[in-house]
Each structure stands twice: as C-alpha cells, then as structure tokens.
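Q: kindly generate the corresponding structure for this input.
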Amino acid sequence: MSDLFSARGAEAAAGAAPLATRMRPRSLDEVTGQPGLLGAGAAFRKIVESGRPISMLLWGPPGTGKTTLARLVASYADAEFETLSATSAGVKDVREILAGAKQRLEIDERRTVLFLDEIHRFAKNQQDALLPGVEDGTLVLIGATTENPFFEIITPLMSRMTLFRLEPLGADDIGGLADLALADGERGLGGLQLALTSEAREELSLRTGGDARQALNALEVAALLTQGDDRREIGLEDVAEALQRRIVRYDRAGDNHYDVVSAFIKSVRGSDPDAALYWLFLMLEGGEDPEFIVRRLVILASEDVGLADSAALQVTVAAADALAYVGLPEAAYHLAHATVYLATAPKSNSVALAMRAARSLVTEGPSPAVPAHLKSSGYSGAEELGHGDGYKYAHDWPEGVTRQQYFPDGVDPVALYQPGARGEEDGIRRRLEQIDRILNRSGRS
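A: As a prediction, this is how the structure comes out:
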C-alpha cells in the first residue's frame, strides 16, 4: 500500500512541476540544440553513450541544458545522481556526498555523479574539498557554470575536468520546443488543445534569449492566460504579457561584462553610433555600474579621439559630472550624449601612440640628465650653479618659438607625437611643420 501511495505522490509531484521540468529530455536524441556536443561522432556524445562518465565542466548561458545533460550522463551510466547548489552548499555537504559515494562504490559497486550547479560560486577551500573524490574516482563531478571557468575554478580542479561549451539555443530550436510542448499530451500542454499563432511563436523564439527554460515557462503562463479568457489560440499579446520584458543576456559580474564593454568601446572607436547605443543600453538595462561605463568613455575620449576633437574630453567629463549630479535613470541622456558625440567625432590615436613612443624612449633610453639651461633657477644660489644659464625665453621671439635643446643630455631629439590629418589635428599638424623648421626637428610625418 505504501508503494502505491508513493507512486501516486510521485505522479502528483511530476504533474505539479513547471512545464520546463516536465519536458526535460529523457535521452540524448530528445535534447534540442548543441550540435557541437551531440552531433554524430561528437566527443561528448561518445562519452555519455559509453556509460563510462568522466568529470566535466559544462559552461554556457542559462537554459541551454546543463542540468539535463548532467542527468543524462548519470542515466546512461546507471549511476546515482546527486545534486548540490554552490549558492547554498558548503564543505560539510561535499564531505557527506563523498562519504556516501565511497560507500556506494564499495558495497554496491555503483558510481555516483555529483552535479554541482553554479560551481563558480564555490570558494577555493570548498573546491579543494572536491579534489580527493575527483582524483581517486570516488565520484564523477559535473560542474555547471555561466561564468568563464578559467577565472573562477581553481587550477587543480580544472586540470581534472574536461570542459564542454554550450551555446544559446537558436530561435528555431525554441520554436520547436514550443511546438513539442503544445503537442505532448503526456508531459506537455497537449491536453489543452491550444494553438500558437505564428506571430506569438516568433515573439517567444526571439525574446527569450536562447533560454529554453524561460521559453517554456513563458509558454505555460501564456497558455493559462489564454485558457482564462476561454480561448484556444495563444496570441502575441499573451506571450508579451507572459514575458513582461525582454531578457537581457548580461551579467555585470562575469566575463560577459568584459565582452560587452569591449563591443561597446570598439563600436564607438569604429564610428558606429547606432551599435554603440545598442551596447550602451544593453549594459544599462543589465544593471551595469554607470560609473564604469563613463570611465571607459573618458579614457576613449583621449585614446581614440584625442586632439582630432579637443572638445571630446570636455563633453565626456561633463557626462561624468552629470551622472554624479543627477544619477540614473536621467543620466542615461548624458551617457547617450557622450556616446554619440565620441562615435561621430573624428578619430585619432596619436596621443596613445605618442605615449607609447615616449614610454619606450624613457624605459629603453639612457638615464636622463636635465640640461643646465632647463634646470630650475628660481631659488637663491641657482645662478652660481649655472642653472638656467643660457635659457631662451620663447616669448621673446616673434613666433613664440626658438631653437634650443629641450631633450635631456644624451638623448637625441625625436618626433614622438605624429599628428593625424582628421578634424582639428590637421591644423595642429600644420602648426608643427612651422615649429619643426625652427627647432630643426625631423622625422614627423
């Protein structure tokens, strides 16, 4: 009788589970997407189908099948499947799993697969606790992470695991999952006899960011909304209401943070204001620190615009001041203002190149010796030391420039700054041509 009640309880629990859980694939052939892992001859597929699992890291965005694949690894190997979440588990939990796995292996000769979700959140000492069990084969560890594991996982553990990369699902994959869920009468929504309009299917496919779990959960909510109105067709409005807003695929704490800001800076540098605005608002909507963004813009104003538009730095610093003064969301105007200004400004990296050349000359050249005529002479006794002797005051000459030694003794004069021909810098270039003639300086393009 107890077995009957247990079976009924399990059946009820399964029926109450979210649609994404009920539709979880039961075999590799049911898994959607990930052709690099599951295609014919793929290493991951061969390992799973062999029934001899290895410890591995599954790295990819949310909703791409990391938990599902870990379960299938255990299923194909007929191994015990244990789960821990790095957000709540500690060293004590790890040791208990290891003890159970050891006993299971010794008594039942059955292996244990430990699925550790969000493994990147485990501290170093917690990761250290996993090493003995992974090293001696007591358990098979499958870690799941949305972060670059090379930044977060300790090297000894990384060296004992094989890394597999998961990709976001495509729109066609998400659409196919929705179709399957609506047709499946056993685990899905087939019993409701609902249809999905083509517009609603496209909206669901495009606005869930390749996240299967999010898509199926949104589909379930949209189905409830449709049923509540006694309709049989899930429309665009139902999906939009279920989603509420677009999922922003951005994690300010992870490596995606660096990828997105890189795309932002490169778009501004490449003079594409439209792409730059897209990346800017992806960061803002994703919760990025606006001060981090404006600091990057201030750097770019000198690094990539520089003297081609001297006002670029002023505009950007003003945006930084405005951010400090009014804060978000209003300061988004000022960040967008600075972004568009910098993207459309003439570009010059002459300041960056001059910095590099000057730094190289300083670090690789001879030790500097300040010429006597350039030394400070504004104190008593300086004249007796010969400091300032022979210095030519530039304003005494008609053009405000006169020839004299400005580089240190032992360092040959060299043209470190090479002006561009864009924007204001073209005028600077022409002015330098006059200065170089007076200083007898060559080597400037």
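Q: run through the protein and note the low-pLDDT ranges.
A: Applying pLDDT under 70 to the chain flags the ranges 1-15, 245-255, 380, 382.
Q: do you know how far the residue nearest in space to the middle of the chain is from residue 361?
A: The centre of the chain sits closest to residue 256, judged by Cα atoms, centre = their mean, with a distance of 0.6 Å. Distance of residue 256 to residue 361, given as Cβ to Cβ, to the nearest Å: 39 Å. Every residue, glycine included, has its C-beta placed from N, CA and C.
Q: same question, residue 19
A: From residue 19 to residue 361 the distance is 66 Å (Cβ to Cβ).
Q: over to residue 401?
A: Taking Cβ to Cβ as the measure, residue 401 and residue 361 are separated by 22 Å.
Q: skipping adjacent residues, who's closest to residue 157 in space?
A: residue 127 (5.2 Å; Cβ to Cβ, 6 or more residues apart in numbering).
Q: work out for me the element the one you found sits within.
A: Secondary structure from DSSP states H and E places residue 127 in helix 124-135.
Q: just want the angle from the next helix or strand after that helix to helix 124-135.
A: Using DSSP H and E, the helix or strand that follows helix 124-135 in sequence is strand 140-145. Orientation note: strand 140-145 sits at an angle of 140 degrees relative to helix 124-135 (axes from the mean of the first three to the mean of the last three Cα atoms, to 10 degrees).
Q: and strand 140-145, what's buried?
A: Within strand 140-145, the residues scored as buried using 16 or more other Cβ atoms under 10 Å are 140, 141, 142, 143, 144, 145.
Q: so the last one sits right up against residue 115, yeah?
A: No: counting by Cβ atoms under 8 Å, residue 145 stays clear of residue 115, with 11.9 Å between them.
Q: so the residue located most distally from the centre of the chain, which of the three states?
A: The centre of the chain is farthest from one residue, residue 384, which by Cα atoms, centre = their mean lies 62.3 Å away. Here residue 384 is recorded as coil under DSSP: H, G, I helix; E, B strand; the rest coil.
Q: and stretch 279-298, end to end?
A: 17 Å (Cα to Cα, to the nearest Å).
Q: how distant is that stretch from the center of its chain?
A: Per Cα atoms, centre = their mean, to the nearest Å, the displacement of stretch 279-298 from the mean C-alpha position of its chain is 13 Å.
Q: just stretch 121-130 next, same as before
A: The answer for stretch 121-130 is 23 Å, by Cα atoms, centre = their mean.
Q: and that stretch, what's buried?
A: 121, 122, 126, 127, 129, 130.
Q: what is the nearest of the residues you listed to residue 267?
A: residue 121 (31.7 Å; Cβ to Cβ).
Q: the closest one touches residue 86, doesn't it?
A: Yes: between residue 121 and residue 86 there is a contact under Cβ under 8 Å: 4.0 Å.
Q: helix or strand right after the helix or strand hosting residue 92?
A: In the assignment (DSSP H and E), residue 92 maps to helix 91-107. The helix or strand immediately downstream of helix 91-107 is strand 112-117, counting by DSSP H and E.
Q: CA atoms of that next one as PDB?
A: In PDB, the C-alpha atoms belonging to strand 112-117 read as follows (Å, rounded to 0.1, in the frame of the first residue of the first chain):
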ATOM      1  CA  THR A 112      27.900   8.500  -8.200                       C
ATOM      2  CA  VAL A 113      27.600  11.500 -10.400                       C
ATOM      3  CA  LEU A 114      27.600  14.800  -8.400                       C
ATOM      4  CA  PHE A 115      26.100  17.700 -10.300                       C
ATOM      5  CA  LEU A 116      27.300  21.000  -8.800                       C
ATOM      6  CA  ASP A 117      25.300  23.900 -10.100                       C
END
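Q: contacts for it?
A: Contacts to strand 112-117, defined as Cβ atoms under 8 Å, 6 or more residues apart in numbering, come from residues 53, 66-67, 70-71, 73-74, 77, 79-87, 89, 97, 100-101, 104-105, 122, 130, 133, 138-144.
Q: circling back to that earlier point, can I get the buried residues of stretch 121-130 in TSV including distance to residue 224?
A: Shown next, in TSV, are the buried residues of stretch 121-130 (distance: Cβ to Cβ, whole Å):
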residue	distance to residue 224
121	33
122	37
126	40
127	42
129	43
130	41
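Q: quick check: phi and psi at the residue farthest from the centre of the chain.
A: phi -60, psi -30 (degrees, to the nearest 10).
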